[in-house]
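Student: structure for the following, please:
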Amino acid sequence: MSSPKRTHGPGLRFAREHLGWSLAALADKAEISKTHLFEVERGTRDLSPGKLRHLAEVLNVPLGLLTSASFPHDWETFADEEGDVA
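Tutor: Presented below is the predicted three-dimensional model:
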């Protein structure tokens, strides 16, 4: 049986890079190991629902950005669709 497709990585990377944060900076702010975040961004590891909510809070983004398989390719598009994010 195949494992479900992991979709947290693209949105996580999108938000992190928009903020100009390194993987190490986000790991420090979220108190999650850099290795764990790296694997999530690559799609080889999942996050618990609690860690996903915590990351959304740390990044100041809606949870939907981190859980959606599709996400906007630029911040302005996301802000237009979701309202003021910052």
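Student: quick check: the gap between the residue nearest the centre of the chain and Thr35.
Tutor: For the chain, the residue nearest the mean C-alpha position is Leu12 (1.8 Å; C-alpha atoms, centre = their mean). Leu12 sits 14 Å away from Thr35, going by C-beta to C-beta, to the nearest Å. From N, CA and C alone the C-beta is placed, and that goes for glycine too.
Student: cool, and Lys51?
Tutor: 14 Å.
Student: ditto for Leu19
Tutor: Separation of Leu19 from Thr35 (C-beta to C-beta): 20 Å.
Student: try Glu57
Tutor: 21 Å.
Student: same question for Leu52.
Tutor: 17 Å.
Student: could I get the full set of helices for the chain?
Tutor: Shown for the chain, the helices assigned by DSSP state H span residues 8-19, 23-30, 34-42, 49-59, 63-67, 75-82.
Student: hmm, who's touching the second one?
Tutor: Contacting residues not belonging to helix 23-30 are listed as 16, 21, 32-34, 36-38, 41, 51, 54-55, 58-59 [C-beta atoms under 8 Å, 6 or more residues apart in numbering].
Student: that older thread, for Leu19 and Thr35, work out which one has more neighbours and name it.
Tutor: Legend: neighbour count by other C-beta atoms under 10 Å for Leu19 and Thr35, higher for Leu19 (16 against 11).
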